[in-house]
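Participant: turn this into a model:
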Amino acid sequence: MNDVKKAIMTNWRWVMCAMLFFATTVNYMDRQVLSLTFKEFIQPEFHWTDSDYGTITGVFSIAYAIFCLFAGKFIDWMGTKKGYLWAIIIWSLGAVMHAGCGWVTENIVGVADKAALLEATGTLAASISMVSVWLFLACRLILGLGEAGNFPAAIKVTAEYFPKKDRAFATALFNAGASVGALAAPATIPLLAKSLGWEMAFIIIGALGFIWAGIWIFVYDKPTESKHVNEAELEYIHQDEADAPKEAIKEEKQMSFAEAFKHKQTWSFAFGKFMTDGVWWFFLFWAPAYFQDQYGIKASDPQGIALIFTLYAIVTVVSLFGGYLPKIFVEKKGMEPYAGRMRAMLIFAFFPLFALFAQPLGGVYGPWAVAIIIGIVGAAHQSWSANIFSTTGDMFPKSAVATITGIGAMAGGVGSFLINKGSGMLFDHAANLGEAFQFMGFTGKPAGYMIIFCICAVAYLIGWSVMKTLVPRYQPVVVK
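Facilitator: Reported below is the predicted structural model:
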């Protein structure tokens, strides 16, 4: 009877994957509250320019990048359970704190209420803008500090609970939480902001993280220590180590930053993240503003909700195939996992070229054409992202996965800072010049958007080419 029970594999690894999915969903909903309340609610109240918003999103990105560098090391040091718990508690606290920015601004500048903020002009309006920007920056820094731990922890859990051949698929599943979070956000946040105030949108969405943290305490343990994982599942999880010496399997030596940067595998992963993360973050932060700027469609309008929802519905559904494609290459074509992953990433790298047609087709067919194209680009990014994350598990030992993931996330944050801050400055500059600012047949702010769309279109092919040059074939790293 015992042999029969051992032969029936438990599937606790998929419960872990579900937890990662929900954490990533909350993570992206917390990020998107600002983008969905910026144009309609926050900008008029605090008198922000596009450059102000670009500063806030850009500084968040660079701070997130810096925090990511240390978050991976923190997760490796603290352990997955405690490290992930601290991360989500901190970012949820930061999310909720945004709600107090209006009240604090009122008290600092000396106005009576929200109506007085809205009606302010001249020097008072400039003071309100400056004070509120600094307050939001402080909240975004706390948010970024916590959110920096999400992906290093999630990738580490994936490396702990899944064999190499399944990691891209598992990563694609939990990474779909980013799409689902971005999908749920436009269906809920603008309506919350319109009915209860933008402050309650931050509070309600932020509180979801505290609920997740309470569940995590009870469900997570390492596979070897979990009462929910039997011997058959453990054997499946550790199948890559079946032929390795037992001493190597037990080895958990940490990798220092100095050693990490000596490996070209680290630079390959970091460059791929640097080139492509900013594309996703640009569309995440600027898509609602784009539809309002270009078509006058607010995020809380039924059409605005439908556009953003459709965009991320495409991302969510299509991107699930992204993690499964390398599995086909490995199992059906007999390719080595890294080679199969890189072939899949090359395929995904061509789809962002559709971004070149977003502005031209949007002028002919309207906002729905743009939403569909951005959805295709976003799906390609999520598919790419699931596979590039999994390359760390392919080439680095488990003890170093979170550290390398943190370095890559830092590089991605730097790229995101450049595109978000640069976009805000470009859009203000283009709007001020009006007809005098031209690019590829567009003038003013539409020309600015066209420039950014062109950058997004070619980023993945550049990233893939450099990655392939640095690491042309599978080369595992050994911590000495």
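Participant: model confidence over the helix or strand containing residue 307, on average?
Facilitator: Assessed by DSSP states H and E, residue 307 sits inside helix 302-331. Confidence for helix 302-331, expressed as mean pLDDT, is 82.
Participant: now the helices for the stretch 301-450 of the chain?
Facilitator: For the stretch 301-450 of the chain, the helices defined by DSSP state H, counting those that start in this stretch cover 302-331, 337-350, 358-365, 367-395, 398-433, 444-470.
Participant: who touches the third one?
Facilitator: Put plainly, it is helix 358-365. Outside helix 358-365, the residues within contact range by CB atoms under 8 Å, 6 or more residues apart in numbering are 294, 369-370, 373-374, 441-442, 446, 449-450, 453. C-betas here are computed from N, CA, C, even on glycine.
Participant: pull that helix out as PDB, backbone CA atoms only.
Facilitator: C-alpha atoms of helix 358-365 as PDB (Å, rounded to 0.1, in the frame of the first residue of the first chain):
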ATOM      1  CA  ALA A 358       0.200  51.300 -33.900                       C
ATOM      2  CA  GLN A 359       0.100  55.100 -34.700                       C
ATOM      3  CA  PRO A 360      -0.600  54.800 -38.500                       C
ATOM      4  CA  LEU A 361      -3.400  52.200 -38.100                       C
ATOM      5  CA  GLY A 362      -4.800  54.100 -35.100                       C
ATOM      6  CA  GLY A 363      -5.200  57.100 -37.300                       C
ATOM      7  CA  VAL A 364      -7.200  55.000 -39.800                       C
ATOM      8  CA  TYR A 365      -9.100  52.500 -37.600                       C
END
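Participant: neighbouring contacts of stretch 175-186?
Facilitator: By CB under 8 Å, 6+ apart, stretch 175-186 touches 20-29, 31-33, 36, 205, 280, 284, 288, 299, 304-305, 308-309, 312-313, 315-316, 319-320, 323, 378-379, 382, 385-386, 389.
Participant: residue 136 is nearest to which of the helices of the stretch 301-450 of the chain?
Facilitator: helix 398-433 (13.7 Å; CB to CB).
Participant: tell me where the model's unsure across the stretch 351-480 of the chain.
Facilitator: Where the stretch 351-480 of the chain drops to pLDDT under 70, the residues are 479-480.
Participant: and for residue 434, the neighbour number?
Facilitator: Number of residues near residue 434 (other CB atoms under 10 Å) recorded here: 11.
Participant: correction: the previous question concerned residue 204.
Facilitator: 18.
Participant: in which helix or strand does it reside?
Facilitator: helix 198-219.
Participant: for whichever helix or strand comes after that helix, the averaged confidence score.
Facilitator: On the C-terminal side of helix 198-219, the closest following helix or strand by DSSP H and E is helix 231-237. Averaging pLDDT along helix 231-237 yields 87.
Participant: same question for stretch 52-60.
Facilitator: Mean predicted lDDT for stretch 52-60 stands at 90.
Participant: any residues touching it, and which ones?
Facilitator: Contact partners of stretch 52-60, identified using CB under 8 Å, 6+ apart, comprise 34-35, 38, 43, 129, 133, 136-137, 140-141, 143-144, 281, 285, 289, 416-418, 420-425, 427.
Participant: quick one, which of those are buried?
Facilitator: Neighbour-count burial (16 or more other CB atoms under 10 Å) applied to those gives 34-35, 38, 43, 129, 133, 136, 140-141, 143-144, 281, 285, 289, 416-418, 420-425, 427.
Participant: confidence score at residue 255?
Facilitator: Per-residue pLDDT puts residue 255 at 78.
Participant: now it: phi and psi?
Facilitator: phi -100, psi 130 (degrees, to the nearest 10).
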